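> What follows is a protein structure lacking sequence information:
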C-alpha cells in the first residue's frame, strides 16, 4: 500500500512538473468516450428488465475503465525530472473505488429525485476521487508525494459538482425520451474525470526523495503504458461487442414485435402445428373463428377442426359448437436446423363470401331468365351488359346506346326529365328487332347512383307487349268469331226449316205447273175443236177473254222460269247459310280439313266485302289433299287476305272499273299453297316489310285495326308451322302466299 | 206399300214434304205428325217401316223419340232430318238413328235415303232384320282395344295417331266412325271411305265423346257368344283388308280404290260378327252359317249408315262378284273376293283345296282377263306366305 501525506515539505522545492500536450489531450478524450459508451449501455439496460444488471455492469465497467485509463494516461503525460515507477497491485486495485462508486451511484439514482441525485453524485465523486488518490498512492521511486489539504477538498468538490451536473442532466434526459443531446451530456459527465484529475494534481506536489537520481526528459513509463493500452483495448472490444449485440437484439426484437403485431391484427386465423398436426399456437382471429378459448385450441389436433381439402371451392371447418364454416386454407412450412418441421396455417373464413357468391350467382341467373329484356348501361348510356333476351331482340347490343335513349316514346316525355327529378323513367318504346319485326315494349330505365350521389349506371328493362297485345287482339277476334258462330248455328237452324218447306213447295208447284201446263195444252186442242160450234161459242169466247186477261201464254212461258229461279234462290240461300255455318264452325284442335271448301265458304260469307269492287276468281286444285289444321283459323287467314285485297283495290284500283281477285290453291310437295292475288295498287317496298307488323295499318281510322295480317301471320306461322309471305309491285298488284304443311304443325310427342 | 212416318214440329215442313212426295209420285203410304208423343201413339196402332224425325221439338225431342222407337219397334228404320248441326247434336243420335240428313234436304236425297234403306232390306228375313236393326250402335269391340283407346283419349293431350292406330284395328270402330263422318251434319261434300282420314277429320275431342258415350260400343263377351272368336274374325278382316289393298295398290297409282278396298276388307266380316255376338239374335243355325246372309246383313247395315256404295256393294257381293253392276263396285269387289278367298284360315272353314272352289274364276277371267287374275292369285299367295 502506498503512502498518503498532507502538507508541503517546508524548505524544499518541489519538482517541476511538465506535461506532454498530446498525451494530455488523449487523457481528456478517454473518459469522454468511455462516458458516452457507458451511457449507451446504461440506456440499453433501462429498456430490458431481464438484462438490466448485465448492462449496468457493462456501463459501470466502461466508465470505471475510462476513469482509470484517464488517470494513468494523465500520469504518463506528466513529465518529472526523476524516475518513478508504479506498484502494479495498487495500480490494478485503484479501479475498484471507481467501480464501487459508480455502481453505488447508479443504484441510488432510482427515479432521479433530488435526494437520490445528490447521493449518486456523492458516490460518483467519491468513486472518482478514490480512484485518483488510490492511483496516486501506487507511485514508487525517488519521489515524495505531498497533498495540500485545502486543494484536496477542493478537488473533491470539483468532481462532486461536475458529477452532480452530469447526473442531473442525465435524469432530465431520462425523463424526456429520445434526447438528441444525450451524447453531449454523457461527454460532459466524462469531463468530470479530467476535472477531478487535474484539480487533484494541483493539490499534489512532488519532492525528490533522498537518493533520487535526476534524469532527463523521456522517462520510460513502459509497463504502465502497456497496462493502460491493454485495458483500453479490452474496453474497446467490450464496447464494440456490446454495440453489436445491442443492434442485433434490437433488429430481432423489432422483427418479433412486428410479427406479434401482425398476428394480432391479422383477420385470418393463423395456427402453427407440429409435424403431427397438433396445434402449437393460435392467434386471436383463429380463436374467434372457432369460437373457443385459445387453451381449447392449443394441443388439439388440427384435423378435428378442419375438414379434408376439397378439389374445388372452400373447405369445411367445424366449430366445437356444431356450426360449420367454409374456409380457405393456405399452408406453409418452416423447419429449424434440427428438422423440427412446423406448419403454418392461414385460415380465411369465406362462409359469408361463399354465401354471397351464391346469392350473386342466383341474382345473375334471375336477371338472365327474367323473361324480359334487361341491360346495364354505363353512365353515358352505352350498353355494357345485356341478358339473352335483350341480345335476341337487339343484335349486338353491347357497345351501342340503350334502346330507350335512341327511340323516342310514342307518347309522353323521354327519360331525361325524369332523371332530373331523380326518378326512374317508365314508358312505352317501340323498336324493330333483329328480324325487322316491330316490337312494342313497356320500358323502364332506372339510374343507379353511387353513395356519393354520382350517376354510375342505368338498368334498362323492356317487357315485350307484342305477343300479349296480339293474343289479346286474337282473343277478341276469336271471341267475336265464336259468338258469330253460335249465332250462325242458331240462325242457320231458323233459316233451314223454312227453306226446307219453301223448297219442297216450289218443287211441288213446279211439278204441278208442268201438269197444268200440259193439261192446258190439251184443253187448247179441245177448244180449237169446239170453237165453231154455236152451242159452245159463248163459253169459248168467255174462256178466251179470260185467257187474254190473265195473259196465259206469258204465264205459261214465264212461270216455269220463275219456279226455277226461285229454286235457284233457295239453293243460294241454303249455300250461304251452310257457308256461314261451316265458316264459323271451328274445332280447337287441328283436324283434316278441306281447304278448298273453306275458301269457298269464306268467299261466300265475305261477298259483301268484295262484290262492289272486284270479281273473285277461284282457281282451286280439285286434288288438293286435306290439311291438318284448325279450319276456322285458316278461314280467318283467307278472310283477312281477301279483305286486304278488296281494300287495296278500292284504294288503288282504276276508277269505275271492277278489280280482280284470284284465289288459288295447289299442292307443293308436303305443303299446300294458298295464293290470294289482286290487281289493286300494290305496295311500296317499305310497306311490304311492315305489312305483318302488329298494329301496322295504312287504313284510315275505323276501317281496320291493323291486326288482320298480323293475326294471319300468328295463325299461319305460330299455330300451324307454315309460312306467309307477300309479293307486291307498285301499280300492278299484290300477291299473298300461305304455305301450310299437310301433316299439320309438328307436335312434340310426349313419348 | 212402304209406310213412312214424318215427325216435325213445323207444320209447313210436313206439308211441304207431303206435297213434294206427292209430286214425286213415290207411291209410299205416308203419315205426318207434329210431335213425338203422337208419333209413338201412331206407331203403336200401326207400325211403319221408316221414321223420319226432326231433332229439336217441344215435348219430346228427336233423340228421345228415336230411342223409344228403337225400344218399342226395333225393326223400324230411323232417320234424322234436322237443321241442327253441331257434332254434339249428332252424337246424341248416333246410337238410335241409322241415318242423318240435314235440312234443307233435297227431295232426291230424302227419297233416295228412304228407298235405299228399304231396298237393302229385301231378301233378308224379318227376324234377322229385327235383330240387326235393334242392335245397331252397340257393336262388339275387343276389350283390350277399348281399354287402350280410353287410356289415350283420357290422357291430357290425346295423340291422334295413337287413337287412329287403335281404332283402325277394330272393324266395329271403323264402321262407327265412317257412319258418323258420312252423316250430312259434318258438311262434307264427299264420301269418306278411309278410317284414318275420318278420324283426322273428326279430331280427338269428337272421337272421345263418341267412344266414351254410352251404348255406342259394347265389350265383346266370349262367354255369351258361344265360344265365337272375335279376335279371330278381326284378324281375318285385317289380313284380308291388307292383302286386297296391296293387290289394288299394285294396279292403281291413285289411292282412292285401294282405300275403298281396304275399308271393304275391314268391314266385310261385320255381319258375321253381329249375328254371332248379338244377345238378341234369334237366328236359325242355317242362316248363321250362310255366308251370303252375313254379307247381305253387313251390306244392309253399311248401306243404312250411308257408307260409299262401292263398299256396300263389295261387301254384299264379295262371295259372288258377278252380281255387281257398277264399274267401280266391280273392281273393288273383285279385289275383296280374291283376297277373302285366299286368306287363310278362312272363317268358313275348309282347307287349301277349297280355295279354287271359292274363287269365281269364270267371271274373273272374262271380266279382268286370265293373265291379270293369275297375277293376283300368285301375288296374293306370295304375300300370304310372308
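Sure thing, it's come through. Given the structure is predicted, the values throughout are model-derived calculations rather than measurements.

> And the pLDDT for the residue of chain A most remote from its centre?
Most distant residue from the mean C-alpha position of chain A: residue A:534, 128.1 Å away (CA atoms, centre = their mean). Predicted confidence (pLDDT) for residue A:534: 84.

> if I've got this straight, it is in a helix?
No: counting by DSSP: H, G, I helix; E, B strand; the rest coil, residue A:534 is not part of a helix but coil.

> Give me the phi and psi for it.
Backbone torsions of residue A:534, given as degrees, to the nearest 10, read phi -60, psi -20.

> where exactly do the strands run in the stretch 451-600 of chain A?
A:455-464, A:591-593 (DSSP state E, counting those that start in this stretch).

> same check, this time on the stretch 251-386 of chain B
Using DSSP E, counting those that start in this stretch, strands in the stretch 251-386 of chain B do not occur.

> In which helix or strand does the residue of the stretch 101-250 of chain A found nearest chain B reside?
Using CB to the nearest CB, the closest approach of the stretch 101-250 of chain A to chain B is made by residue A:250 at 86.5 Å. Using the backbone N, CA and C atoms, a C-beta is placed for each residue, glycine as well. Secondary-structure element containing residue A:250, defined by DSSP states H and E: helix A:222-265.

> Report the next helix or strand after that helix in sequence order.
strand A:269-273.

> what's around the residue of the stretch 101-250 of chain A closest to chain B, how many residues?
12 (other CB atoms under 10 Å in any protein chain shown).

> Then residue A:405?
With other CB under 10 Å as criterion, residue A:405 counts 21.

> how near is the residue farthest from the centre of chain A to chain B?
41 Å (CB to the nearest CB, to the nearest Å).

> what's the answer for residue A:439, then?
For residue A:439, the distance to chain B - CB to the nearest CB - is 31 Å.

> Tell me which other helices or strands the helix or strand where that residue lies touches.
If you go by DSSP H and E, residue A:439 is part of strand A:438-449. Applying 3 or more CB pairs under 8 Å, 6 or more residues apart in numbering or on different chains; DSSP states H and E, we find strand A:438-449 packed against helix A:403-406, strand A:425-432, strand A:455-464, helix A:466-530.

> Point out the most buried one among the ones you listed.
Neighbour counts (mean count of other CB atoms under 10 Å in any protein chain shown) averaged over each of these peak at helix A:403-406, with a mean of 20.

> Which residues outside that one are in contact with it?
With CB atoms under 8 Å, 6 or more residues apart in numbering or on different chains as the contact definition, helix A:403-406 has outside contacts at A:375, A:377, A:381, A:394, A:414-415, A:425, A:427, A:429, A:431, A:443, A:445, A:460, A:462.

> tell me the SS of residue B:207?
Residue B:207 ends up helix, using three-state DSSP.

> wait, what's in contact with it?
B:153, B:163, B:167, B:177, B:199.

> returning to that earlier point: just send the contacts of helix A:403-406 back as TSV, with pLDDT too.
Shown next, in TSV, are the contacts of helix A:403-406 (pLDDT from 0 to 100):
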residue	pLDDT
A:375	92
A:377	90
A:381	87
A:394	84
A:414	77
A:415	80
A:425	88
A:427	87
A:429	86
A:431	85
A:443	90
A:445	89
A:460	91
A:462	90
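
> Can you pull out the low-pLDDT segments for chain B?
Along chain B, segments meeting pLDDT under 70 span B:85-87, B:123-137, B:184-190, B:214, B:278-291, B:344-355, B:386.

> Around chain A, which positions in it sit nearby?
Within reach of chain A by CB under 8 Å from any CB of the partner chain, chain B has these residues: B:10, B:12-13, B:15-17, B:19-20, B:22-24, B:56, B:83-86, B:102-107, B:155, B:157, B:159, B:187-189, B:197, B:200-206.

> Which members of the residues you listed are classed as buried?
Buried members of the residues of chain B next to chain A, scored by 16 or more other CB atoms under 10 Å in any protein chain shown, are B:10, B:13, B:16-17, B:19-20, B:23-24, B:83-85, B:102-105, B:107, B:159, B:187, B:197, B:200-204, B:206.

> Can you pull out the residues in contact with stretch A:24-37?
So stretch A:24-37 is in contact with A:62-63, A:65-67, A:69-70, A:73-74, A:77, A:166, A:183, A:186-187, A:189-194, A:197, A:232, A:235, A:239, A:242, going by CB under 8 Å, 6+ apart.

> Mind listing what's buried along that stretch?
For stretch A:24-37, using 16+ other CB under 10 Å, the buried residues are A:24, A:26-37.

> Which members of those define the maximum pairwise distance?
Maximum pairwise distance among these (CB to CB): 21.4 Å, between A:24 and A:37.

> The chain - how does it break down into domains?
Since you didn't name a chain, this refers to chain A. Using automatic domain parsing, the domain ranges for chain A come out as A:18-210+A:220-249, A:266-355, A:369-464, A:472-576, A:591-741.

> wrong one, I was asking about chain B
According to automatic domain parsing, the domains of chain B span B:3-119, B:139-219, B:226-385.

> picking up where we left off before, what's the helix holding residue A:250 packed up against?
helix A:21-47, helix A:52-77, strand A:84-86, helix A:88-93.

> For residue A:271, find the nearest of these.
Nearest of the helices and strands packed on helix A:222-265 (CB to CB): helix A:21-47, 31.8 Å.

> Tell me how far that closest one lies from the chain's centre.
Helix A:21-47 has its average C-alpha position 65 Å from the chain's average C-alpha position, going by CA atoms, centre = their mean, to the nearest Å.

> Check stretch A:159-168 too.
For stretch A:159-168, the distance to the chain centre is 70 Å (CA atoms, centre = their mean).

> Identify each buried residue in that stretch, please.
A:159-160, A:162-168.

> ditto for stretch A:97-108
A:97-106, A:108.

> Other residues contacting that stretch?
By CB under 8 Å, 6+ apart, stretch A:97-108 touches A:42, A:56, A:59-61, A:63-64, A:67-68, A:116, A:119-121, A:123-131, A:134, A:163, A:167.

> Kindly recompute the last result at 7 Å.
A:56, A:60, A:63-64, A:67-68, A:116, A:119-120, A:123-124, A:126-128, A:130-131, A:134 (CB atoms under 7 Å, 6 or more residues apart in numbering or on different chains).

> again, but for stretch B:71-83
A:492-493, A:496-497, B:43, B:47-55, B:62, B:66, B:69-70, B:93, B:96-103, B:105, B:113, B:117, B:129-130, B:133-134, B:304.

> Now which of those would you call buried?
Buried, going by 16+ other CB under 10 Å: A:492-493, A:496-497, B:43, B:48-55, B:62, B:66, B:69-70, B:93, B:96-103, B:105, B:113, B:117, B:129-130, B:133-134, B:304, out of the contacts of stretch B:71-83.

> circling back to that earlier point, between helix A:52-77 and the helix holding residue A:250, find me the angle.
Orientation of helix A:222-265 against helix A:52-77 (axes from the mean of the first three to the mean of the last three CA atoms, to 10 degrees) gives an angle of 150 degrees.

> Would you mind getting the angle between helix A:222-265 and strand A:269-273?
120 degrees.

> Helix A:222-265 to helix A:21-47, inter-axis angle?
Relative orientation of helix A:222-265 and helix A:21-47, computed by the same axes, to 10 degrees: 30 degrees.

> What mean pLDDT does helix A:222-265 get?
75.

> Any chance of CSV for the buried residues of stretch A:24-37, columns distance to residue A:312 and pLDDT?
Below are those laid out as CSV (distance: CB to CB, whole Å; pLDDT from 0 to 100):
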residue, distance to residue A:312, pLDDT
A:24, 84, 84
A:26, 77, 84
A:27, 80, 83
A:28, 78, 85
A:29, 74, 84
A:30, 74, 84
A:31, 74, 83
A:32, 72, 83
A:33, 68, 82
A:34, 69, 82
A:35, 69, 81
A:36, 65, 80
A:37, 64, 79
